[in-house]
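Novice: no sequence on this one, just coordinates:
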C-alpha cells in the first residue's frame, strides 16, 4: 500500500463504493448452500432499536481449525487464536438466537510481542496500523486472507439480515515509541511538570521497531524513509512526533481546563486530535490534511474501513478522553460519508465511562456549538452502575428505586432536547456486563433466574440492548487451577468460548431464555420505541406506591400509541408478590385481559385489569384518592414477567 492515507488505493476504494451505491449494485452470497442476493453497499436499518447487539472478542470467540492456545477458561493475557472464519462459521447459530447486529472487537493491526515478552493486544485496542487488518485474525495468518475472510464474514452476515459494527480507537495508538528522559529510555511515567510543560518542551521519544525494540537512531522525527510494516506506526502520515501528546500517562480521568483528558492511556500513546495546523509554519501540513491533521487522517482511514468491508457501524473506544467538539466532527464526517454510499443510518456509539451529564456532552441529541450532530449514542453506564447490583441485592446494593431514578434523571436532562421521552432509547446501548469488568453478571453463585431477569429487563427498558458473548451459554468467568473464580483481572471475563464443551449448544437453557426474550421484544413494538412510565404497586389493592429498597418490585409500562406493555420484576429471593400494578387509565376504559408473553419461571396466565377507587401515594409521603386501573399480578421470588394485551 502507498505510504499516504490519501494515496491512490485508499481514495480509489472510497470512490468505488460511492459508485456502487449510485448504480445500486448487488452481491450474490452463498448461505447454507443457497445463493442470496444482497444490496451492495448494504443499507442501514431504519432504526437501531430494532437491532439488538451481540458483542464478541474475535480472538476469544471461535476458531474451527484449532483449539485455544491455553485452557479456555483460564486467565490468559495472550492471544487464544480466534479468527474471522470462526465468527462466520457460527453466523447461523447467532441468527437462530435472534441477533441483529454483531459488534466485533477492533480488527486493525496491533503491535506484536516486544523483545521482553510483553503480550500483544489480543483484544485489539493497541492499534499499530490504522489502515490494515490484523493478519493474526486470519485462518492462515496472512493479511490477504484476513481481508478476504472479513469480507466473507460481513457479506454472509448481511445475507442473514445482520449488521456489522466494528470497534475502533481514536484516542490513542499502540505503544509505538518510548520516552527518553535524563538519558534513559522509559516506557511509562507520570508527573505534573511534564504534563503541563509549555509546548515544545515535551520529552524526546525513540520509535519502536517490529521486534518491540526502541531504536536510538529513530529519535523524534528521525525515522528512515524505508520502514517495515511492523515498525513505528502506520500510515506514514502519523509518523510525526508532534501528532502524539508525549506527556506521559494521564494523571486523571477528568477533563482538564482544555476540555479533554491529556496523557497516554497506560502504555498506549495518545494522539493530539486538537492539533492545529493553521498556525504559522504549518502551511504544508494544512495544505495536505486541513486544519485538524490527526483527525483528518483518522477520518479518512475509517472511511476506508467502511468502503473496503461494507461496515454498518462503529463503537468508539475511550471517547471521553477527547474534546466533545472533535468527537462531533468525527461523527459528522463519518455520517456524511456513509450517506454518500447509501448507508442512511450508519451507527456510531461511544464508550463514555461516566455519568449522564458527561455522556450528554458527546451524543447527537446535545451537539456542541459547532454545526452538526455528533455521534449517535453512548454505552449506558448510568444504567449499568445500578441494574446488575440491584438485581443481585448484594451488600451495599441500591434498591429498586435506583433504576427509576436513572430514567427520571434522563427525562430531566433531555427535557429540551427531544420531543418525546420515548425517543431516549435511541441514544443508549444498554448492557449488564462486558469485557472491561472484573466479573460477568453470571459470576459463580448467581442464580439462573437472576441472569434471565437481568436479560429480560435489559430488553424491556429503553435502549438498544447489547449482550456479551457467552452469556447465552452460561459463561461464568475464568477460574484458577483449583476451580476458584478469578476476579483480579480483565481476563477473568474473556474466556475462549469455543474451548468450552458444547460451546455453541442451541439447547442451553440460557440460549433458549434469550431467544424467548428476543422474540417478546421483536413482537412488541412498544418494547422498542415506547414511552416508559414506572408504575406504583400494591399488595392489598387499596394503597399504591412505588416500591422501594433491596428486594423490591421493578414495575414499568412501555406505551406506544394505543398499546401498553407491562413489565414487572420481583427481585426478592424469598418473598412472592401477589398484588396489583397500576396501568394506563385511559387505555383501560374497556375491560381487557393482559397475557404473560414472557416469564423467566414459565408462568403463562391471562390477567385482568380492574377499574376502581384507590389511594396512590406520592414520593413525598402524600397521597391522592383517585379512580385507577390496576392489573392483577402474581410473581414468585426472582420472577420477571412481560405482559401485553
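Specialist: Sure thing, it's come through. Bear in mind that the values here come from a model prediction, so they are computed numbers and not experimental data. Numbering: from 1, shown residues only.
Novice: doesn't residue 280 make contact with residue 286?
Specialist: No - the criterion here is Cβ atoms under 8 Å, and residue 286 misses it with residue 280 at 10.7 Å. (Each C-beta comes from the backbone N, C-alpha and C, glycine too.)
Novice: who's more crowded, the two?
Specialist: residue 286 (16 against 5; other Cβ atoms under 10 Å).
Novice: that one: which element?
Specialist: Element membership of residue 286, judged by DSSP states H and E, is helix 283-289.
Novice: show residues contacting that helix.
Specialist: With Cβ atoms under 8 Å, 6 or more residues apart in numbering as the test, helix 283-289 has contacts from 6, 237, 277-278, 293, 296-297.
Novice: and it, how far from the chain's centre?
Specialist: Distance of helix 283-289 from the chain centroid (Cα atoms, centre = their mean, to the nearest Å) equals 35 Å.
Novice: next structured bit after it?
Specialist: Following helix 283-289 in sequence, per DSSP H and E, is helix 293-309.
Novice: how far does that following helix sit from its chain's centre?
Specialist: Helix 293-309 sits 20 Å away from the centroid of its parent chain (Cα atoms, centre = their mean).
Novice: show me what that helix packs onto, helices and strands only.
Specialist: Applying 3 or more Cβ pairs under 8 Å, 6 or more residues apart in numbering; DSSP states H and E, one finds that helix 293-309 contacts helix 8-22, strand 127-133, helix 143-159, strand 163-169, helix 283-289, helix 324-340.
Novice: partner strands of the fourth one, with direction?
Specialist: When you say that, I think you mean strand 163-169. strand 101-104 (parallel), strand 313-317 (parallel) (DSSP bridges).
Novice: so which of those comes closest to residue 67?
Specialist: Proximity to residue 67 (Cβ to Cβ) singles out strand 101-104 among the strands paired with strand 163-169, at 21.5 Å.
Novice: list the neighbouring strands of the helix or strand that comes right after that closest one plus their orientation.
Specialist: Using DSSP H and E, the next helix or strand after strand 101-104 towards the C-terminus is strand 108-110. Here strand 108-110 has these sheet partners by DSSP bridges: strand 127-133 (antiparallel).
Novice: name the surrounding residues that touch the strand it pairs with.
Specialist: 1, 5, 10, 106-111, 143, 146-147, 150, 169, 172-174, 176, 229-230, 233-235, 238, 297-298, 301-302, 304.
Novice: and stretch 246-259, by the same measure?
Specialist: Contacts of stretch 246-259 with the rest of the structure, by Cβ under 8 Å, 6+ apart, involve 179, 188-192, 194-195, 197, 202-203, 205, 261-266, 270, 274, 320-321, 323-325, 353.
Novice: which of these are buried? Put it as a ChimeraX command.
Specialist: To isolate in ChimeraX the members of the contacts of stretch 246-259 that are buried, counting by 16 or more other Cβ atoms under 10 Å, one can use:
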select :179,194,195,202,203,205,261,262,263,264,265,270,274,320,321,323,324,325,353
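Novice: just the ones of the contacts of stretch 246-259 in strands?
Specialist: Among the contacts of stretch 246-259, the members found in strands (DSSP state E) are 179, 205.
Novice: quick one on the thing from earlier: out of the strands paired with strand 163-169, the one nearest residue 47 is which?
Specialist: strand 101-104 (12.0 Å).
Novice: quick check: which element contains residue 557?
Specialist: Secondary structure assigned from DSSP H and E places residue 557 in strand 553-560.
Novice: can I get the strands paired with strand 163-169 in a markdown table with mean neighbour count, mean pLDDT and distance to residue 542?
Specialist: Converted to a markdown table, the strands paired with strand 163-169 look like this (neighbours: other Cβ atoms under 10 Å; pLDDT from 0 to 100; distance: least, Cβ to Cβ, whole Å):
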| stretch | mean neighbour count | mean pLDDT | distance to residue 542 |
| --- | --- | --- | --- |
| strand 101-104 | 24 | 98 | 46 |
| strand 313-317 | 25 | 98 | 49 |
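Novice: and the helices in the stretch 451-600 of the chain?
Specialist: Taking DSSP state H, counting those that start in this stretch, the helices of the stretch 451-600 of the chain run over residues 509-523, 525-529.
Novice: of these, which is nearest residue 349?
Specialist: It is, among these and with distance given as Cβ to Cβ, helix 525-529, at 16.6 Å.
Novice: what's that closest one packed up against?
Specialist: Helices and strands touching helix 525-529, by 3+ Cβ pairs under 8 Å, 6+ apart, are helix 509-523, strand 553-560, strand 563-570.
Novice: tell me the buried residues in the longest one?
Specialist: Neighbour counts over helix 509-523 (16+ other Cβ under 10 Å) mark 510-511, 513-514, 516-518, 520-521 as buried.
Novice: now, which of the residues you listed sits nearest residue 592?
Specialist: Residue 592 lies nearest to residue 520 out of the buried residues of helix 509-523, by Cβ to Cβ, at 18.6 Å.
Novice: chain neighbours aside, what residue packs nearest to the closest one?
Specialist: Spatially, and ignoring its direct neighbours in sequence, residue 520 is nearest to residue 598 (4.3 Å; Cβ to Cβ, 6 or more residues apart in numbering).
Novice: that neighbour: what's it in contact with?
Specialist: Neighbouring residues of residue 598 by Cβ under 8 Å, 6+ apart: 456, 516-517, 520, 640-642.
Novice: try 6 Å
Specialist: Shown in contact with residue 598 (Cβ atoms under 6 Å, 6 or more residues apart in numbering): 516, 520, 642.
Novice: about what we covered before: quick check: ChimeraX command selecting the buried ones in the contacts of strand 127-133.
Specialist: To isolate the buried members of the contacts of strand 127-133 in ChimeraX, using 16+ other Cβ under 10 Å:
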select :1,5,10,106,107,108,109,110,111,143,146,147,150,169,172,173,174,176,230,233,234,235,238,297,298,301,302,304
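Novice: helix or strand for residue 631, which one?
Specialist: When elements are assigned from DSSP H and E, residue 631 belongs to strand 623-635.
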